[in-house]
Structures are given as structure tokens and as C-alpha cells.
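Novice: 3D, please:
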Amino acid sequence: MAMMDMTVALTNPYTQTAFDVLRRKQITNNFGEAKKEIEIVPGVRGVLYPEGSNDLDRKSDAQLQTKTITVLTMFAMRGESESANSGGKFQPDVIRWNANHFLVKRVEDYSKYARGFVKVTAHSFDMVDQAPVTTGPQTDTELQGSGYGIDPFGGGSVPG
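Specialist: Now for the predicted structure:
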């Protein structure tokens, strides 16, 4: 079986995206009351891509679209876990990316292998997510001015 080192692609600044991680530590006092301490880790870098069905779910009283992302990073993401040192418990990390919040649902820890990546699957828990941010032309007029013309046969854009 051929071995392929994907480290170059996963650590390339052109493929990585910056996001914030909200690490939530839960402390329980002597009365059984839980208190959360949130640590924000800004500027974590990793490769993000959509996963699974991101379909719109239409109900009689609401429209919901649960987005799911996969993250490959060298940052030690956490699911529900305990700290070996302090004995504190941690809630799953929250990823803040493009003004949306994603709760970590699955952590695949490959940190002991090769370069040490962690693969995370996270689901959006915002009621309404922000629209995607695009950098290309937004209207037909901008598209025509960008060196691309509109295909008269409905096949998209063609070089102008």
C-alpha cells in the first residue's frame, strides 16, 4: 500500500482557514452547582470543509438548516473530556467560524501519528446561520465586467 504524506497540503496557508475555539471548563462546587469558565482561543488554523447533508428542513413553524463541518487541525480539540492534571471536566469545544457556532460532536485523535493532526466533526447550533461569504462577482453585471460572459444557452459563464 502506498503511503502519502498530506502534511504539505494540510499545513499550506492557502488551504488553511482561521477560526476561534471556545473551550468550556465546567467546575462543580460543594453544593453540586455547575459553573462554566469559557476560554477563547483566537486564530486557530486548520482545513475546514462541509460534511454530510446540509439540507433545509422545512417544518410548519420553522425552517432549519443544520450545517456540519469537518476540521483538520494540529490544535488539540476536545469533545466531552476530563483534565488529567486538574480533574476539571470540559464540555465539547465550540468552533466560531464565519460568525457561526459549531459544537464538536466527534473527535478523531491522530496526534500520536505522523505530524499530529486531529479530525473533528462539528454541527451548527445557531437557529439561523449567516450567509456564506463569497469573494467573486455577485451580480450578472459584475460577472460580465470580470472577463466572463453569460452563456446564452444557460450553461453558466463562459470566457468573454
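
Novice: for the nearest residue to residue 50 once chain neighbours are set aside, what is the enclosing helix or strand?
Specialist: Nearest non-adjacent residue to residue 50, counting by CB to CB, 6 or more residues apart in numbering: residue 69, 5.9 Å away. Quick note: C-beta positions are derived from backbone N, CA and C, even for glycine. Using DSSP states H and E, residue 69 maps to strand 68-73.

Novice: per-residue confidence averaged over that strand?
Specialist: Mean pLDDT, computed over strand 68-73, is 92.

Novice: that one packs against which elements?
Specialist: If contacts are counted by 3 or more CB pairs under 8 Å, 6 or more residues apart in numbering; DSSP states H and E, strand 68-73 sits against strand 34-50, strand 94-97, strand 117-124.

Novice: and of the ones you listed, who's closest to residue 74?
Specialist: Nearest of those to residue 74, taken as CB to CB: strand 117-124 at 5.9 Å.

Novice: and that closest one, C-alpha only, in CSV?
Specialist: Extracted in CSV, the C-alpha atoms of strand 117-124 (Å, rounded to 0.1, in the frame of the first residue of the first chain):
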residue,chain,number,x,y,z
PHE,A,117,-3.5,16.1,13.3
VAL,A,118,-6.9,16.0,14.9
LYS,A,119,-10.0,15.5,12.8
VAL,A,120,-13.2,17.0,14.2
THR,A,121,-16.8,16.9,13.1
ALA,A,122,-18.9,19.8,14.4
HIS,A,123,-22.6,20.7,13.9
SER,A,124,-24.0,24.2,13.8
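
Novice: run through who's touching that strand.
Specialist: With contacts defined as CB atoms under 8 Å, 6 or more residues apart in numbering, strand 117-124 is touched by 10, 51, 66-77, 93, 95, 100-111.

Novice: if we can go back for a sec, beta partners for the residue nearest to residue 50?
Specialist: residue 50, residue 122 (DSSP bridges).

Novice: just to revisit the earlier point, now tabulate the helices and strands packed on strand 68-73 in CSV and tack on mean neighbour count, mean pLDDT and distance to residue 21.
Specialist: Below are the helices and strands packed on strand 68-73 laid out as CSV (neighbours: other CB atoms under 10 Å; pLDDT from 0 to 100; distance: least, CB to CB, whole Å):
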stretch, mean neighbour count, mean pLDDT, distance to residue 21
strand 34-50, 13, 90, 4
strand 94-97, 19, 93, 6
strand 117-124, 20, 91, 10
